[in-house]
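> Could you look at this predicted model? Sequence included:
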Amino acid sequence: MSWSLKVRTFAVAAICAATAILAVALAPGAEAKTLRFAFQGELKSVDPYQINESFSLSVNGAVYEGLVRRGPDMKIQPCLATSWDVLDPLHWRFHLRKGVKFHEGQDFTADDVIFSARRVLSAGSDLKGRIPADARIVKVDDYTVDFLLKSPNPLLINEWESWGMFSKSWSEAHGAAEATAMNATTPPYAGLHANGTGPFILVSHEPGVKTVWRKNPNWWDTPKHNIDDVVFTPIPNAATRVAALLSGEIDWMDPVPLNDQARVNANPGAEVLAGPEIRTIFLGMDQFRDELGHSSVKGKNPFKDVRVRKAFYQAVDEDAINKKVMRGQATPSALLIAPALFSRSKDFKRFPFDPEASKKLLAEAGYPDGFEVQMDCPNDRYVNDEQICQAVVGMLARVGVKVDLNAEPKSKFFASISAAGGYDSSFYLLGWTPTTLESYNVFQYIVGCRNEKTNWGGNNVGDYCNPSVDALARKALQEPNETGRDDDFAQGWQIALFDDVGYIPLHQQALAWGVSKTTHVIQRPDNYYIFAWVTMD
Amino acid sequence: MSRADVDLAKSGPPPPSLVARLRDNDLVASFLSSKTTAAAGLIALILIVAGLAAPLIAPTDPFNPAANFLMDSLTPPRFVAGGDPRFLLGTDDQGRDLWSAILYGLRISLMIGAFSVLLGGAIGVALGLIAGYAGGWIDSVVMRIADVQLTFPAILIALLLDGVAHALLQKSNREETAFLVLVVAIGLSFWVQYARTVRGSTLVEKNRDYVQAARLIGLSPARIVVRHILPNVMGPVLVIATINLAIAIITEATLSFLGVGLPATEPSLGTLIRIGQNYLFSGEWWIVAFPSLGLATLVLSVNLLGDWLRDALNPRLK
């Protein structure tokens, strides 16, 4: 065969092959279903241990599964553990699912559970609270693991949906045996690559740009979804996000700005999926430094005085925030927990909005002319977060407190206010969803005194600390029935939020997802985005 | 003075009045002969005066959070149904009077524009003079740096400088430093045009007789450059400065629009447009419309003035 003939033959073959591929690709009904999802903030890392934030946990949950998971009704279901026995209150035994493989082919065994426990407790992890620090984890055989506790904890597994299992061999081979703190400047291997057991396999991750997953064909469970690929893009600008949904560029986004909900619903191609959310938005104050890091007051910390904290509380007009910033769609809250999750909620009322009383309290505390303090605020995390902060700035200005607002994207905000950033904030706005659906979780992470040994108070940025509140929360855990538990919690809330004014609760925001009419999603009140439940027409 | 001199001065024609001198001036004549230019000049003047006098003419102080009430937020303009007589152009999402916010925003935009032009101009002119007069390796180094910077869009450099500054500066005084950071970031991203122009003119001027003469009588190079060359290269600099003023204002607006400029508590026109853009499709059009209109008018009028100045100072177009 001459050279030119060879080339010609090759060309003909290539064209035939290309046509065949094209024909397959264009065949009706065979096209890949791609779910295009957008959120206002970015996904910084694909390592879920880096940040205890429900957005990151839920999206990374597509790759990393826990021993248990929660269903659409929030009930706990078996996942990588098929069953568990509480042999006695200090001894839990988990039976692992057999035949589960990680995306890169490793078998899932007890060693991976023990490794993941060690990893989740490693220095850089933000999820240390998932496991009591003094628990001992023992391998019984390849598919059985024992958790030996020092004190009883009936809520042990409540947060384990978001404690995803890592492969021991994969992590060790890639230098990812320990979690990397979220303020690390260079992304670690596990921050850009992922290897879980979940329904979706990470294809690529460009932080702040785009993240792509594809269906895991070898998933151990029968998929409820019918999608082949998921593409996530952050779209920080609310108007752009709405335009992208209405033009069909994306299928699912969160949140729909309150001012655009009517317009989205009026559009034939999309709708707003609204629902109550169990996240509480609140203001926190630095109560542990002897001198505030960012304030005009030198040599002392005004927030150590309960009168100053109450003055701030009474200066904030939450009804105006709800009416104007939240357009009436939030639920003003006296507690750091949603009414649906706490039976005694109605016994508590917010301190009334009263600028005069606030001024008087400030004067009594020695600040008749107020003072200056910086406020840290995310601008792409919660519904209208920056506007809430701006409104708070105005309200505090009227009682003489000058607030310098530092509104930042959440990646910067969390990096500086978190444990990794040295809790660097004097006054801040934060939201919290108790993933366990009860008060104990809020006491453990937000209200409890910071303690590295017990992993309490990990997200207590201002370190409000009252040991009697912690004792009440711990006592509640031992109560066998919910009424008794809620009595203890009620006492704890009374002290923390009313006697001590440790925090200023604002409201529970309403969920508002924008979804195209051809996409069917399931909304949970904890605002988890679960790709494995999405079906597309 | 001799007697003859005095006589001569007495017998000459009287010195022309200021008005007459202005009328005879080429620049003024060409300014008045073009209706567009005259209109642009008038509008620019009104806007500059309005901006500078903002604290006097604005009904409220938009930078004082205590003076703005959340319950007033999103009020439409006075002349639209549902408007409030207190708010001529309506209010934004925090209850700020838009008319006042635009006046103050205009002031900030103009100040940042002017200061950054001064900074960029000073750096560029100085480096251009040094490079042009000294020549040799100094010239090469300065001009190669300029070439490298020219390969990046100015807005990108401003963004970069802004990001670096924010990372370096204490977070405590971010609100206070935002203004300064913007001036430096924008100023540093626009020095190249000045440097290149001034270097070119300096190369021409430095071989002129008057420079040679100054050198011969032993003046120091610094004195020659500052006293003799500088006044002769300033014409083109003025043109670039005017055009750059418009670009600097737009750059500031862009940075603020992207959220890295001035904070929402002290809005410039760009910040106001960023806030308003969220409400663009949801019916509250005035928050974005009026600040945009203000910005467009300001930039257009300054640009027209710059174009006219360029033509008027160009001897080849006469």
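Looks like it came in fine.

> how far away is the closest residue to chain B within the stretch 51-200 of chain A from residue B:281?
As assessed by CB to the nearest CB, chain B sits closest to residue A:185 within the stretch 51-200 of chain A, at 10.6 Å. No exception for glycine: its C-beta is placed from N, CA and C like everyone else's. For residue A:185, the distance to residue B:281 equals 38 Å [CB to CB, to the nearest Å].

> Between those two, which is the more surrounded one?
residue B:281 (17 against 5; other CB atoms under 10 Å in any protein chain shown).

> Okay, the more buried one and residue A:495: tell me how far apart.
47 Å.

> Low-confidence bits of the chain, can you list those?
Answering for chain A, as no chain was given. Applying pLDDT under 70 to chain A picks out residues A:1-30.

> That was the other one, I meant chain B.
Looking at chain B by pLDDT under 70, you get B:1-16, B:18, B:21-24, B:170-175, B:315-318.

> Next one: residue A:490 from residue A:338, what distance?
Applying CB to CB to residue A:490 and residue A:338 gives a distance of 15 Å.

> Equivalent analysis for residue A:137, please.
Where residue A:338 is concerned, residue A:137 sits at a distance of 33 Å (CB to CB).

> so which helix or strand takes in residue A:474?
helix A:467-478 (DSSP states H and E).

> starting at the chain centroid, how far to that helix?
Relative to its parent chain, helix A:467-478 has a centroid offset of 25 Å by CA atoms, centre = their mean, to the nearest Å.

> now for it, which elements pack on it?
Applying 3 or more CB pairs under 8 Å, 6 or more residues apart in numbering or on different chains; DSSP states H and E, one finds that helix A:467-478 contacts helix A:439-442, helix A:482-493.

> Need the winner for burial among the ones you listed.
Of all the helices and strands packed on helix A:467-478, helix A:439-442 has the most neighbours on average by mean count of other CB atoms under 10 Å in any protein chain shown, namely a mean of 24.

> Can you list the neighbours in contact with it?
By CB atoms under 8 Å, 6 or more residues apart in numbering or on different chains, the residues outside helix A:439-442 that reach it are A:155, A:158-159, A:336-337, A:341-342, A:432, A:434-435, A:473, A:476-477, A:485-486, A:489, A:492-493.

> Now do the host helix or strand of residue A:510 against helix A:482-493, angle only.
Assessed by DSSP H and E, residue A:510 sits inside strand A:503-516. If you take axes from the mean of the first three to the mean of the last three CA atoms, to 10 degrees, strand A:503-516 sits at 120 degrees to helix A:482-493.

> Show me what strand A:503-516 pairs with in its sheet, parallel or antiparallel.
strand A:252-254 (antiparallel), strand A:270-285 (antiparallel), strand A:331-332 (antiparallel) (DSSP bridges).

> export the second one as CSV, just CAs?
Taking C-alpha atoms only, strand A:270-285 is exported to CSV below (Å, rounded to 0.1, in the frame of the first residue of the first chain):
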residue,chain,number,x,y,z
ALA,A,270,-39.3,28.3,36.6
GLU,A,271,-40.7,28.6,40.1
VAL,A,272,-39.7,29.4,43.6
LEU,A,273,-39.6,26.5,46.0
ALA,A,274,-40.1,28.2,49.4
GLY,A,275,-40.2,26.7,52.8
PRO,A,276,-39.3,27.3,56.4
GLU,A,277,-35.7,27.1,57.2
ILE,A,278,-34.3,26.0,60.6
ARG,A,279,-31.3,28.3,60.3
THR,A,280,-31.2,31.1,62.9
ILE,A,281,-29.4,34.4,62.0
PHE,A,282,-27.9,36.2,65.0
LEU,A,283,-25.3,38.7,66.1
GLY,A,284,-22.4,37.7,68.2
MET,A,285,-20.0,39.8,70.3
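
> buried stuff in the next helix-or-strand element following that strand?
Downstream of strand A:270-285, the first helix or strand assigned by DSSP H and E is helix A:306-315. The neighbour-count criterion (16 or more other CB atoms under 10 Å in any protein chain shown) identifies A:307, A:308, A:309, A:310, A:311, A:312, A:313, A:314, A:315 as the buried residues of helix A:306-315.

> Quick check: chain neighbours aside, which residue is closest to residue A:459?
Distances taken as CB to CB, 6 or more residues apart in numbering or on different chains put residue A:445 closest to residue A:459, at 4.5 Å, once the chain neighbours are dropped.

> What's the local residue count around the one you found?
20.

> can you list the residues of the stretch 1-150 of chain B near chain A?
B:64, B:65, B:66, B:68, B:69, B:70, B:71, B:73, B:74, B:93, B:94, B:95 (CB under 8 Å from any CB of the partner chain).

> Could you tell me which residues of chain A lie near chain B?
So far as CB under 8 Å from any CB goes, chain A lies against chain B at A:237-239, A:242-243, A:257, A:259-260, A:262-263, A:293-294, A:317, A:320-321, A:323-325, A:374, A:379, A:386-387, A:390-391, A:393-398, A:403-407, A:416, A:424.

> on that earlier part again, which positions within the helix holding residue A:474 qualify as buried?
For helix A:467-478, the buried set under the neighbour-count rule, 16+ other CB under 10 Å, comprises A:469, A:470, A:472, A:473, A:474, A:475, A:476, A:477.

> and the angle from it to helix A:482-493?
170 degrees.

> Show residues contacting helix A:467-478.
A:152-155, A:439-440, A:443-444, A:447-449, A:456, A:484-486, A:488-489, A:491-492, A:495-496, A:500.

> and residue A:402, bridged to which residues?
Going by DSSP bridges, residue A:402 is paired in beta bridges with residue A:372.

> What count of nearby residues applies to it?
Neighbour count of residue A:402, defined by other CB under 10 Å: 18.

> Check residue A:300 too.
What residue A:300 shows, counting by other CB under 10 Å, is a neighbour count of 14.

> What spatial separation is found between it and residue B:276?
41 Å.

> Please apply the same query to residue A:351.
34 Å.

> And for residue A:120?
45 Å.

> again with residue A:390
14 Å.

> what about these two, which has more around it?
Using other CB under 10 Å as the criterion, residue A:390 and residue B:276 rank with residue A:390 on top: 29 against 23.

> What are the boundaries of the strands in chain B?
In chain order, chain B shows no strands, with DSSP state E as the criterion.

> Am I right that residue A:343 is in a helix?
No - according to DSSP: H, G, I helix; E, B strand; the rest coil, residue A:343 belongs to no helix; its state is coil.

> Doesn't residue A:139 lie inside a strand?
Yes - applying three-state DSSP, one finds residue A:139 inside a strand.

> what residues are up against it?
By CB under 8 Å, 6+ apart, the neighbours of residue A:139 are A:110, A:111, A:114, A:145, A:146.

> Mind checking which of those residues are in strands?
A:145, A:146.

> Return the members of the contacts of residue A:139 classed as buried.
A:110, A:145, A:146.

> Residue A:515: which of the residues you listed is nearest?
Nearest to residue A:515, judged by CB to CB, of these is residue A:145 at 38.8 Å.

> for chain B, which helix is longest?
Secondary structure assigned by DSSP state H gives helix B:98-134 as the longest helix of chain B.

> Give me the buried positions along that one.
B:98-117, B:119-121, B:123-133.

> just the helices in the stretch 151-300 of chain B please.
For the stretch 151-300 of chain B, helices defined by DSSP state H, counting those that start in this stretch occupy the ranges B:154-168, B:174-188, B:191-205, B:209-216, B:221-223, B:230-257, B:269-277, B:286-312.

> contacting residues for residue A:308?
So residue A:308 contacts A:302, A:361, A:362, A:365, A:367 (CB under 8 Å, 6+ apart).

> could you dump those to a markdown table with neighbour count and secondary structure?
Listed next are the contacts of residue A:308 as a markdown table, based on neighbours: other CB atoms under 10 Å in any protein chain shown; DSSP: H, G, I helix; E, B strand; the rest coil:
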| residue | neighbour count | secondary structure |
| --- | --- | --- |
| A:302 | 25 | helix |
| A:361 | 23 | helix |
| A:362 | 25 | helix |
| A:365 | 18 | coil |
| A:367 | 20 | coil |
